[in-house]
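*Asks:* Attaching a predicted model along with its sequence, questions to come.
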Amino acid sequence: MTNTLPTTLTHLGTMPVAEFIRDYWQQKPLLIRQAFPDFQTPISAEEIAGLALEEEVESRLVVEEPDPNNPMASAWRMEHGPLDDNVFDGLPASHWTLLIQAVDQIFPTVHKLLNRFRFIPNWRLDDVMVSYAAAGGGVGPHFDYYDVFLLQAEGRRHWRLGQMANATSPLRDDTDMKILTEFETSADWVLEPGDMLYIPPNLAHWGVALDNCMTFSIGFRAPSHSDLLLEFSQAISEDLAADARFTDPGFPPQDNPGLIHASAIDQAAEILRSLLDDKAKLAEWFGRYMTEPKRLAPTADEPSDGLRLAAYSRAAYIPTEQGAQLFINGESAECSLALAQAICSYVALEPSDYSLDDQALLEEAIAEGWLTDERG
Ligand code: SIN
Ligand code: CO
């Protein structure tokens with residue numbers, strides 16, 4: 001085998017991964033000074049500004065009008081991209097920020113940063129959002145439903161952590177941006193290039209640029225219970241035969257025709273439970289659902305160093321008795337465990353290392369554009 005799986009090198013400073021997962025992930029914030037020592041941004045402010053003009057890139061421009069007497073009372077304006085190319089001429093000298101989603105799918109140098117976060121499952125990862133702010137710029141006090149690592153890439157940003165918030169926390173009603181009306185500062189730090197802050201879901205935070213400042217948000221995804229139920233039931237209902245029905249032979253006699261007897265509710269619960277209990281169907285659906293790309297394949301500048309999973313692709317696998325069930329971009333296929341592991345680790349693939357069945361799958365994945373094929 002010519003494949004080498006990536007090392008477990010992380011950017012948690014001296015902290016072992018197991019300790020981070022046990023004590024911080026999904027629970028507590030963590031500041032890691034110089035997580036990326038001597039970090040230099042792999043993309044420039046000009047490149048970020050250029051992306052905001054492109055149709056296929058998801059971007060937002062946020063402009064804040066501060067209230068000199070009350071930092072919680074700023075007026076906020078948000079514009080979704082693509083932006084006009086003269087938009088930057090009309091911007092004030094301070095208090096604006098530009099946010100670009102999925103920059104990892106556009107710039108291979110940003111995608112490479114993700115290799116340092118492979119200790120978290122691929123299918124939990126969402127994207128790298130890059131923000132570029134003028135002094136004073138930010139998106140206001142808010143919380144997210146997702147875990148995020150905030151890596152300071154250029155300039156300095158003052159981060160304040162607040163209280164735990166949730167869906168009932170009061171939000172400003174004069175803007176579509178989800179800005180909290182209350183913020184109780186629990187910690188604050190100035191981050192310099194290479195410093196990184198982990199923030200668990202629901203913890204309020206507020207970042208303000210101290211100078212021209214670029215921040216990379218390595219964000220994760222977590223489906224809501226509502227989405228899990230809706231999407232799974234939608235997927236399995238397509239395969240259910242029309243004659244699979246609620247039945248009531250020998251129903252208990254009742255005095256009033258309106259009575260819904262407890263046994264009917266029990267039967268409905270039993271039907272639903274048995275449908276949800278099909279672990280094989282659930283596993284197949286979960287793998288597909290968690291690898292569905294949220295965004296269209298961008299016209300990425302792919303690295304020209306071999307056959308490997310494309311930066312926009314999402315892949316995961318479940319080991320099986322025969323090998324593995326591999327999921328790529330919402331599709332599923334059987335293959336060897338070695339191939340599934342190599343694909344999911346973004347290593348360069350050498351088709352001749354694998355069986356003919358695996359090679360046929362590789363051909364199909366190349367034809368679909370799920371793998372980049374830049375073999376010299
Ligand atoms: C930012 O980079 O300005 C915002 C990132 C965040 O708060 O999640
Ligand atoms: Co946030």
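*Replies:* Sure thing, it's come through. Numbering: from 1, shown residues only. Ligands and ions are numbered 1, 2, ... in the order given.

*Asks:* can you point me to the longest helix in the chain?
*Replies:* Longest helix in the chain, counting residues (DSSP state H): helix 262-276.

*Asks:* So which elements touch whichever helix or strand comes after that helix?
*Replies:* Of the helices and strands lying after helix 262-276 in sequence (DSSP states H and E), the nearest is helix 279-290. With contacts defined as 3 or more Cβ pairs under 8 Å, 6 or more residues apart in numbering; DSSP states H and E, the secondary structure elements packing on helix 279-290 are helix 225-237, strand 315-319, strand 324-328, strand 331-335. C-beta: built from backbone N, CA, C; applies to glycine.

*Asks:* starting at the chain centroid, how far to the last one?
*Replies:* This means strand 331-335. In terms of Cα atoms, centre = their mean, to the nearest Å, the centre of strand 331-335 is found 23 Å from the chain centre.

*Asks:* Next, the angle helix 279-290 makes with that strand.
*Replies:* Computed with axes from the mean of the first three to the mean of the last three Cα atoms, to 10 degrees, the direction of strand 331-335 lies at 120 degrees from that of helix 279-290.

*Asks:* Ligand 1 contacts on the protein?
*Replies:* Taking Cβ under 6 Å from any ligand atom, the part of the chain that reaches ligand 1 is made up of 97, 131, 138-139, 144, 148, 205, 207, 215, 217.

*Asks:* Now the stretch 251-376 of the chain against ligand 1: closest residue?
*Replies:* Taking Cβ to the nearest ligand atom as the measure, the point where the stretch 251-376 of the chain comes nearest ligand 1 is Lys294, at 16.9 Å.

*Asks:* Could you double-check that that residue lies in contact with Gln105?
*Replies:* No - with contact defined as Cβ atoms under 8 Å, Lys294 does not reach Gln105; the gap is 10.2 Å.

*Asks:* where do the contact lists of these two overlap?
*Replies:* Any residue near both Lys294 and Gln105 by Cβ atoms under 8 Å, 6 or more residues apart in numbering counts here, and that gives Asp127.

*Asks:* quick one, which of the two is more surrounded?
*Replies:* Gln105 (23 against 12; other Cβ atoms under 10 Å).

*Asks:* secondary structure element for the residue lying closest to the more buried one once chain neighbours are set aside?
*Replies:* Distance criterion Cβ to Cβ, 6 or more residues apart in numbering; nearest residue to Gln105, sequence neighbours excluded, is Tyr312 at 4.3 Å. Per DSSP H and E, Tyr312 falls between elements, in no helix or strand.

*Asks:* How far off centre is the helix or strand that contains Leu361?
*Replies:* Using DSSP H and E, Leu361 sits in helix 356-368. Its chain's C-alpha centre lies 27 Å from the corresponding centre of helix 356-368 when counted by Cα atoms, centre = their mean.

*Asks:* after that helix, next one along is what?
*Replies:* Of the helices and strands lying after helix 356-368 in sequence (DSSP H and E), the nearest is strand 371-374.

*Asks:* Mind listing the strands that following strand pairs with, and their directions?
*Replies:* Sheet pairing of strand 371-374 (DSSP bridges) gives strand 306-309 (antiparallel).

*Asks:* any idea where the helices of the stretch 101-250 of the chain begin and end?
*Replies:* 108-113, 225-237 (DSSP state H, counting those that start in this stretch).

*Asks:* Mean pLDDT for the ones you listed - can I get that in a markdown table?
*Replies:* Formatted as a markdown table, the entries for those read as follows, by pLDDT from 0 to 100:
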| stretch | mean pLDDT |
| --- | --- |
| helix 108-113 | 92 |
| helix 225-237 | 95 |
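
*Asks:* Return the most buried member of those.
*Replies:* Comparing these by mean neighbour count (mean count of other Cβ atoms under 10 Å), helix 108-113 ranks first with a mean of 18.

*Asks:* And it, what does it pack against?
*Replies:* For helix 108-113, the elements it packs on are strand 125-133, strand 213-220, judged by 3+ Cβ pairs under 8 Å, 6+ apart.

*Asks:* what packs against the shortest one?
*Replies:* In this case it means strand 213-220. Using 3+ Cβ pairs under 8 Å, 6+ apart as the test, strand 213-220 ends up in contact with helix 108-113, strand 125-133, strand 148-154.

*Asks:* I'd like to know which of those is closest to Pro351.
*Replies:* When those are ranked by proximity to Pro351, the top entry is helix 108-113, at 22.0 Å, counting by Cβ to Cβ.

*Asks:* centre of the chain versus that closest one, how much separation?
*Replies:* For helix 108-113, the gap between its own C-alpha mean and the chain's C-alpha mean amounts to 15 Å (Cα atoms, centre = their mean).

*Asks:* Enumerate the beta-bridge partners assigned to whichever residue of the stretch 201-350 of the chain sits closest to ligand 1.
*Replies:* Scanning the stretch 201-350 of the chain for proximity to ligand 1 using Cβ to the nearest ligand atom identifies Thr215 as nearest, at 4.0 Å. Judged by DSSP bridges, the bridge partners of Thr215 are Ser131, Gln152.

*Asks:* how near is it to Ser169?
*Replies:* Computed as Cβ to Cβ, to the nearest Å, the Thr215 to Ser169 distance reads 23 Å.

*Asks:* just Asn202 next, same as before
*Replies:* In terms of Cβ to Cβ, Asn202 sits 9 Å off from Ser169.

*Asks:* residue contacts, the residue of the chain found nearest ligand 1?
*Replies:* Taking Cβ to the nearest ligand atom, ligand 1 has its nearest neighbour within the chain at Ser131, 3.3 Å off. With contacts defined as Cβ under 8 Å, 6+ apart, the neighbours of Ser131 are 97-100, 139, 214-215, 217.
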